[in-house]
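Asker: please work out how this folds:
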Amino acid sequence: METQIFVNVTTTDLDRSKAFYTALGCEINPLFTDENAACIVWNEHIYFMVLTHEHFGGFTDKKLADPRSTAQVILAMSRESREDVDSVLAAGLAAGGSEPREPSDYGFMYSRTMEDPDGNILEFLYMDPVASEEGPAVWESQLP
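Answerer: Okay, here's the model as predicted:
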């Protein structure tokens, strides 16, 4: 079995979060979804467990950060193209997300940052395959 990644994020409104993530093209796995949590399926290896604030608190003895004011992690996911990056941002913004900063364009890599309605930070990026496999220097050496 290949490694699967389950990222746990907190929400103050589970229904709003489910609507937001399905607007991005994700599916919800009903087998692991109830009134406390939703299993958001990105693909066969990556899942977000969106947990109510109270339920999330049951998994740690630490004080919970408020993602609206405190950054704990930035979840970055690759896309197939620059257009895919823009498309997922457009869907997320229409579903209640926000874009806290301008897009970053490094030539070999293009990325945009979005916060979900709870303030959890998502970054979507496209990296040129040459740069991804051989590094930005090789990509730059191939420029005209």
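Asker: which ones are touching the spatially closest residue to A95 that is not a sequence neighbour?
Answerer: Spatially, and ignoring its direct neighbours in sequence, A95 is nearest to A23 (3.5 Å; Cβ to Cβ, 6 or more residues apart in numbering). Using the backbone N, CA and C atoms, a C-beta is placed for each residue, glycine as well. Listed by Cβ atoms under 8 Å, 6 or more residues apart in numbering, the contact set of A23 reads 91-92, 94-95.
Asker: and the two most separated of those residues?
Answerer: Distance extremes for the contacts of A23: the farthest pair is G92 and A94 at 7.2 Å, using Cβ to Cβ.
Asker: quick one, which of these two is more surrounded?
Answerer: Neighbour count, other Cβ atoms under 10 Å: between G92 and A94, G92 has more, with 24 against 10.
Asker: now that one, nearest residue through space, not along the chain?
Answerer: Closest residue in space to G92, ignoring its immediate chain neighbours: M114 at 4.9 Å, by Cβ to Cβ, 6+ apart.
Asker: can you check E2 too?
Answerer: Distances taken as Cβ to Cβ, 6+ apart put H45 closest to E2, at 6.4 Å, once the chain neighbours are dropped.
Asker: likewise V73?
Answerer: Using Cβ to Cβ, 6+ apart and skipping residues adjacent in sequence, the residue nearest V73 is I121, 7.3 Å away.
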